[in-house]
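Undergrad: curious how this folds, go ahead:
(chains A and B)
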Amino acid sequence: MIKKTGIYICKGCEIGKNLNTGSLADGIINEYQPAICKTHRSLCSSEAIDMIMNDIEKESLTDVIIAACSPRVYRERFEFSKEVNTERVNIREQVSWCNDPGEEDAQMLALDYIKMGIVKTRYTSAPNPYIPENLSSEILVVGGGITGITAAIEGAKAGYPVTLIEKKPVPGGWARELYRQLPSKPPYNKASEPEIGSLIEELHNTPGITIIVSANLKSISGQPGAFNATVESPHGVRKIRAGSIIAAQGWKPYPPERLSAFGYGLFPDVLTNVEFEQMAASQKIICPSTGKPPSSILFIQCAGSRDEHHLPYCSNFCCGTTLKQATYIREQLKKTSVFIIYKDLRMPGHYELFYNEVQKDDHTFFTKGEIKKISGEDGHLLVEVAHSLFNEDISIPVDMVVLATGMVPAGTDSLNLDYRLGKGLPELKYDFPDSHFICFPYETRRTGIYSAGAVRAPMDIPSAKEDAMGAMLKAIQCIEATKRGEAVHPRSGDRNYPELYFDRCTDCKRCTEECPFGAYDEDEKGTPLPNPSRCRRCGICLGSCPERVISFPDYSITGISQMIRAVHIPDEFTGKPRILAFVCENDAYPALDMAGFQRKFISPYIRVIPVRCIGSVNSVWISDALSHGFDGILMLGCKPGDDYQCHYMQGSELTGTRSENYRETLKTMMLEPERVHTEYVEITDFDKIPEIINGYVDTIKNIGPNPFKNM
Amino acid sequence: MDREDKPILIIGGGMSGITTAIEIAETGKKVVLIEKLPYLGGRVIKMNNYFPKLCPPACGLEINFSRIKRNANIKIMTSSTVEKLSGSKGNFMVQIRTSAQYINSNCTACGDCANVCPVERDNEFNYGLDKTRAAYIPHEMAFPWKYTIDTDVCLGRECSKCKEVCAYDAIDLSCRDKEHTLRVASIVFATGWMPYDASRLENLNYANHPDIITNVEMERLLAPNGPTKGKLQKFSDGKVPKSVAFVQCAGSRDENHLPWCSAVCCSASLKHAMTIAEHYSECIIQIFYIDIRVTGRNEDFLKKAEKIKNIRFIKGKVGKIDIKDKGQKLELIAEDILTGIKTSSQAELVVLATGMQPDDSVAGLVKGLNRENPFIINEWQEDGIYAVACARKPMDVSASLKDATGIALKAIQAMKASVPNT
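TA: Reported below is the predicted structural model:
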C-alpha cells in the first residue's frame, strides 16, 4: 500500500513561541514532500480535528503525524479512524517545555523528532491479529480445595464452562478437616460453622461444572484460547480443550518432623495445629500419652515460621487458628488453662475483635516470648520460655503442646506444562509464583494461567475465596481478549504480535530462553515455535535476537534502525554531541514528560526513542547508532533485582547480561566503554532524570566526539 | 435496553475502583467510573511509595491509566457523586451530580490560568500542608491531566483573569452543577477509606503541636512532589529532626476509637522508618507497637528493618504524649498492656500511625451501616450491589487489588451471562 502522510505541527502551549514551527514545516516539506504539512495554533481544538479529518478524506491519507504534546495526552482525540495510523511526536513536553525559547538546538531536536516520526510510520503496518483456531471458552481449574471450588462456582455463574480437577477422591481440600472457621462478619466474635460443606453442595448444583476427582494432570500444551490438557482418572483419559487455566494447588503443612526442637516426634503430647483441629472436630481433646483430657495446653506460635532455618515468612493464618482453637478448648474442656506464646499476635482487620473476645477468657494467658526448651516425663511437659519483656526465663508445666505450624505452597509443577521453560509457573521466592504482587497480583509469567489461593501466597479462607474470584476474572478476561486477537496485561488491547522470518534464524535459542513468559517452544532442531497468544508483546525476544529475525508490524529492528539514521548528526567541529536515549515507555518516558511539565532543562543533544521495555533493545541498534555518529547511548530502564519494577519482570534484568555484549561491540569498534550507559530509574524520578541526562551529556563532551561521525 | 447493554457503575476512582473498572472493561463489558475529586488515584496516588518494594504507586497507575486510554468501554466522570439510587439487579437507576466544571476538556494543561490566578486554597492533595492557586492541576501525574478550578474559593466572573489568558477556550466561569441519570446493571462501591481523625486522640496532642503529625502526612512529607519536595523536616522550625517516633495503633485496636486493626499501619511505619533511615543516617527512629503485624512474605521487609541500626522497636502502647518546655520537648509515655511495664522517651518528630475507617460519604446510599459497622458487608446488600476493598474491610493495596479483581467477577455475573462458544 502506498503511504500518504499528513504532518501537523502544533503551535499551542508555547510551542509556537519557543520553536519556529514555520521553518520546521519548511524543513520537512523540503526533505520528505509529504501530501500535507501544516502548522496550527492548537491541534487539539475541534477546529483542527475537523481540518485533519477533512484532509484525511480529501487526500486519502494513510498516516497522520501529530507533532504536538506527549502521546500520553489526548490519545482518543487523535485517533481518527481504524484505517489511519496516527503517530505522535512529542515536541511539547520533551522539546519546547524543557528548552529556552529560540534555541537553535531545540529547533534541531524538534526537526529530528518529526523526521523520526515520519520514518516510523513508513515501517509501521496495520495489525493482523492472531486468533487461535478452535477457540475454547472453557476454564480448567487445577485443585479442588476451597480456592478451586470457589473459582469453579463463580466462573460458571458468569456463564463460562469449567472443568475442576482434584487429585483426591473428593473435593474440599484442607477445609474439610476444619471444626470451625474464623468469623467473617459482624460482630466478629465467634468462630462459625465451616462453609466447605455448603460450598461443595453448591459446586455439585451449579450448572456448567465438570468435576474430575482422583485426577492426574498428565500434560498441558498449547496457548491461551487453545490449551490442550490431558487428564487421567479411574474413569479413563480425558482431553480438555481450555481457554485459560487456574492453578489452585493449595498448600501443605510445614513438615513437623523438622520441629524436634519443639519436642515434635519426641513427646507424644506435642501436636501440630492441623492434628489438634482434627482432634477437636472429633470432640475428643485428649493427651495421646495418657488418653486423658489435658488440664493445660500451651500453643507455640510461629513454630517453624518467621524463622530462617524453617519458613522465613509468616503464614498469615496461624495466629487466628490458635485463637480459634483456644475457644474449642473452652467449649469442650471448661477448666483447662491455655497458654499462648507468641512473637507478635497478628490478627489484622476485624479479626482483632475476635482476639478481644478470646482475651476475655480468665484461663487463657498470652505471653510474648521465645521457646528455649521443651522437656518432659510421665505425660507432663515443661516449656521454658525466654521472656523478652521481663528479661528473664519462665518455665510453664503443661500437659499438651500445640505447634502453630505454617503453610508451604504445594507448587505448580503438577501443571506438567509441556513448555520449553519448565513444568510449572516460574517462582519468585520461597516457591511462590512470580508476579507483580502489589499492583498486578495475578499476572504470572505464564500467560493464561493464573495462580490463586495458598499456592500463590500464604492466606486464610476468606482471602483464598477472594483470590479465587480474582483469578477467575483474569481467566475469563484472557479468553475474551484472545477471541478479539488482543494481548492481555500490560499491553492489553494490542493487536500486533511478533512475526519471525525463519530464513535467517540460526536456532540460537536466545528468544526461547529469554522470553519471560515462555511464549516460545522449540522443535527437535531447536527452532523456535512461537505461541502468539502466550505473548505479552514486550519485545524482549526482539531484543534478544542477533539475526533480526523477530519484528512486530509496529515495532521492528529495521524500523528503529531507520529512526536512528533519520537523526541529523552535526560534524565534530560544531561542539554539538548527539546522544541516543532508549527509554522505557512505562516509567522513564512519563517521568521525562513530568520533567518537561515542570519546565526543567533537559539537554537538547538527546534523542529519545521510547521502547516497550529496556529488555527489547537490540544490540544492532547500538552499533547502528554508533556507526551513524551518535556520541553516546543512554538506556533508562526500571529497577531489576529482588524488588524489580520491570513490568515484564525480566526485561531490565536482561540488560545486565546484555551490557556485556555492548561492551564487546564498543571494544571491536575501539570505542570507550562510557559510550553506552544504563541507568535504572523510577517514574517519580522527574527531578533526577534531567540530571542523569545532562550529566551524561557532560561525560560524553569530555570524552569527545565519536570518531565514526560523518564517515 | 437489555442488561447486556447497561454498564456497571463503579463509585470511587481510587486504586480499587480503577482496578475494578479496568478488569471489567477488559472482559468486554462497559463501565462508568465516578470519582468525587477532579482526579483518579484516591489515597494511593498520595503515597510516596509502597511496601515492601518501596516503589512508587505512580508506576502501576501509569499502566492502568494507559489501559483506560486504550479502552472505549470505560467512561470516567470526575468531580461527580451519587445522589440517589434505586432499582434492582440488572436495572438500577442512579442519579449523579457533577459539580461545576469551570475548566472544560479543551484544557491543554499549559498552566497559564494558574499563573494569573490571584486566589489561594489549601492543597487537598498534600492534606492541606501547603497551598495552590484556585486554578490548579492536582499533581504532576494527575489523570485526567488537566487544570481545574476550586469553585469554593474562585472569585468567579468578576475576576476572570484566567479566562482572559486561556488561549484554548477552556474556561467557563458561569458553568453550573449538572445532574445525570444513569441506568446500570450493577453497582460497585469502591469508596475507600479515610484516615481516623487524629485530633480526637486528645492524649496524643496532635492538634496542639506542629511536630506531632499523622502517617498520611508523613507520606506527603517524604514524597518528592510533596510540600517539602521530599525533605524530612519539623513543621515547627523547618529543621531536620534528630529523632522520629512512630506511635502504632494511634486510635486503633481501641474501643474508644477504632476497635479494629487497620492491617496496614505497621508496614506503613516500617516503610517510613526505612525511607528515613536511608536518607538521614543520623536520625534515631523509635517504633512503639503492641504487635508488629506485617504478614505473609512481607516478613522479609520486617527483617530488613530490624537489621537497620537506627530503627528501634519498643513494645508498648503510647498512652500519652506530653508537650514540655514550652513546646521544645515531646515526651512519649508507653505501657505494655499485658505486662504493665512503662517506658518514657523523647522524640523531635512524632508520627501517629492512625488507622483507616470507611469513607462516610456513602452512608445514606447503603443499608445496614452504623457506628459499630461502618463497613459495607456484601452479604447484607441487595444482589447486584457490591463493596470492594477498604469500603468493606481494612486492607492494604495488594489485597485491595485482588479484591477489586474478584468483585469485578461478581459485577459481571449480574449481567446476562455471555454465550460460550464451545
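Undergrad: find the nearest non-adjacent residue to residue B:369, please.
TA: Nearest-residue entry for residue B:369: residue B:363, 5.3 Å, with adjacent residues in sequence omitted and distances by CB to CB, 6 or more residues apart in numbering or on different chains. Just so you know, the C-beta spots here come from the backbone N, C-alpha and C atoms, and that holds for glycine as well.
Undergrad: the one you found should be in a helix, yeah?
TA: Yes: assessed with DSSP: H, G, I helix; E, B strand; the rest coil, residue B:363 lies in a helix.
Undergrad: what's the helix or strand for residue A:627?
TA: helix A:619-628 (DSSP states H and E).
Undergrad: what is the subsequent helix or strand relative to that helix?
TA: strand A:632-637.
Undergrad: immediately after that following strand, which helix or strand?
TA: helix A:651-668.
Undergrad: that next one vs chain B: in contact?
TA: No: Helix A:651-668 does not reach chain B (CB under 8 Å from any CB of the partner chain); its nearest approach is 12.5 Å.
Undergrad: ditto for stretch A:625-643
TA: Yes: with CB under 8 Å from any CB as the criterion, chain B is reached by stretch A:625-643 at A:638, A:639, A:643.
Undergrad: checking the residue of the stretch 101-250 of chain B found nearest chain A next. Helix, strand or coil?
TA: Going by CB to the nearest CB, chain A is nearest to residue B:110 of the stretch 101-250 of chain B, at 4.3 Å. Classification of residue B:110 by three-state DSSP places it in coil.
Undergrad: what's near enough to touch it?
TA: By CB atoms under 8 Å, 6 or more residues apart in numbering or on different chains, the contact list for residue B:110 reads A:12, A:13, A:14, B:167, B:168.
Undergrad: ok, and the most crowded of those?
TA: Comparing the contacts of residue B:110 on neighbour count, residue A:13 comes out first with 26 neighbours (neighbours: other CB atoms under 10 Å in any protein chain shown).
Undergrad: that one sits in which helix or strand?
TA: Using DSSP H and E, residue A:13 falls outside every helix and strand.
Undergrad: can you give me phi and psi for the residue nearest to it when sequence neighbours are not counted?
TA: Sequence neighbours aside, residue B:110 is the residue nearest to residue A:13 in space, at 4.3 Å (criterion: CB to CB, 6+ apart). Backbone geometry at residue B:110, expressed as degrees, to the nearest 10, gives phi -70, psi -30.
Undergrad: any idea how far residue A:71 is from residue B:110?
TA: The spacing between residue B:110 and residue A:71, counted by CB to CB, to the nearest Å, is 17 Å.
Undergrad: what's the answer for residue A:230, then?
TA: Taken as CB to CB, the span from residue A:230 to residue A:71 is 46 Å.
Undergrad: looking at those two, which is more packed in?
TA: Legend: neighbour count by other CB under 10 Å for residue A:230 and residue A:71, higher for residue A:71 (21 against 16).
Undergrad: thought that one was touching residue A:92?
TA: No: if you go by CB atoms under 8 Å, residue A:71 and residue A:92 don't touch, sitting 10.7 Å apart.
Undergrad: and the residue of the stretch 1-150 of chain B closest to chain A?
TA: residue B:60 (3.2 Å).
Undergrad: what about the residue lying closest to that residue once chain neighbours are set aside, neighbour count?
TA: Distances taken as CB to CB, 6+ apart place residue A:439 nearest to residue B:60, at 3.2 Å, with adjacent residues excluded. Residue A:439 has 25 neighbours, counted by other CB under 10 Å.
Undergrad: coming back round to it: what's the closest of the contacts of residue B:110 to residue A:696?
TA: Of all those, residue A:696 sits closest to residue A:14, with 26.3 Å by CB to CB.
Undergrad: hmm, that closest one is touching residue A:97, no?
TA: Yes: contact criterion CB under 8 Å: residue A:14 and residue A:97 qualify, at 7.0 Å.
Undergrad: so residue A:575, which of the three states?
TA: What three-state DSSP gives for residue A:575 is coil.
Undergrad: tell me how far it lies from residue B:144.
TA: 42 Å.
Undergrad: okay, those two: which has more neighbours?
TA: Neighbours were tallied for residue A:575 and for residue B:144 using other CB under 10 Å; the higher tally belongs to residue B:144 (18 against 9).
Undergrad: doesn't residue B:39 make contact with the more buried one?
TA: Yes: the criterion here is CB under 8 Å, and residue B:144 meets it with residue B:39 at 7.0 Å.
Undergrad: intersection of neighbour lists for those two?
TA: With CB under 8 Å, 6+ apart, residue B:144 and residue B:39 have common neighbours residue B:78.
Undergrad: domains of the chain?
TA: If you meant another chain, say so; for now it's chain A. A:1-125, A:139-250+A:410-483, A:271-396, A:499-541, A:555-711 (automatic domain parsing).
Undergrad: oops, wrong one, chain B.
TA: Listed by automatic domain parsing, the domain ranges of chain B are B:3-99+B:177-192+B:359-413, B:112-165, B:197-355.
Undergrad: would you format those as CSV with distance to residue A:493 and mean pLDDT included?
TA: Output for the domains of chain B, formatted as CSV (distance: least, CB to CB, whole Å; pLDDT from 0 to 100):
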stretch, distance to residue A:493, mean pLDDT
domain B:3-99+B:177-192+B:359-413, 4, 94
domain B:112-165, 17, 96
domain B:197-355, 29, 96
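Undergrad: pick the most buried one from these.
TA: With neighbours taken as mean count of other CB atoms under 10 Å in any protein chain shown, the domains of chain B reach their highest mean count in domain B:3-99+B:177-192+B:359-413, at a mean of 22.
Undergrad: please tell me how far the residue nearest to residue B:369 sits from residue A:621.
TA: 57 Å.
Undergrad: surely residue A:120 and residue A:88 touch.
TA: No: in this structure, residue A:120 is not within contact of residue A:88 by CB under 8 Å, at 10.1 Å.
Undergrad: among the two, which residue is more densely surrounded?
TA: Per other CB under 10 Å, whichever of residue A:120 and residue A:88 has more neighbours is residue A:120, with 23 against 19.
Undergrad: report all helices and strands that whichever strand or helix holds that one contacts.
TA: Mapping residue A:120 onto the secondary structure by DSSP H and E places it in helix A:104-122. Packing contacts for helix A:104-122, counted by 3 or more CB pairs under 8 Å, 6 or more residues apart in numbering or on different chains; DSSP states H and E, involve strand A:5-10, helix A:21-32, strand A:63-68, strand A:85-90, helix A:557-566, strand A:606-611.
Undergrad: of these, flag the one that's most buried.
TA: Highest mean neighbour count among those (mean count of other CB under 10 Å): strand A:63-68, with a mean of 26.
Undergrad: same for it, what does it pack against?
TA: On a contact count with 3+ CB pairs under 8 Å, 6+ apart, strand A:63-68 meets strand A:5-10, strand A:85-90, helix A:104-122.
Undergrad: residue A:182 and chain B, how far apart?
TA: 13 Å (CB to the nearest CB, to the nearest Å).
Undergrad: check residue A:448 too.
TA: In this view, residue A:448 and chain B are 14 Å apart by CB to the nearest CB.
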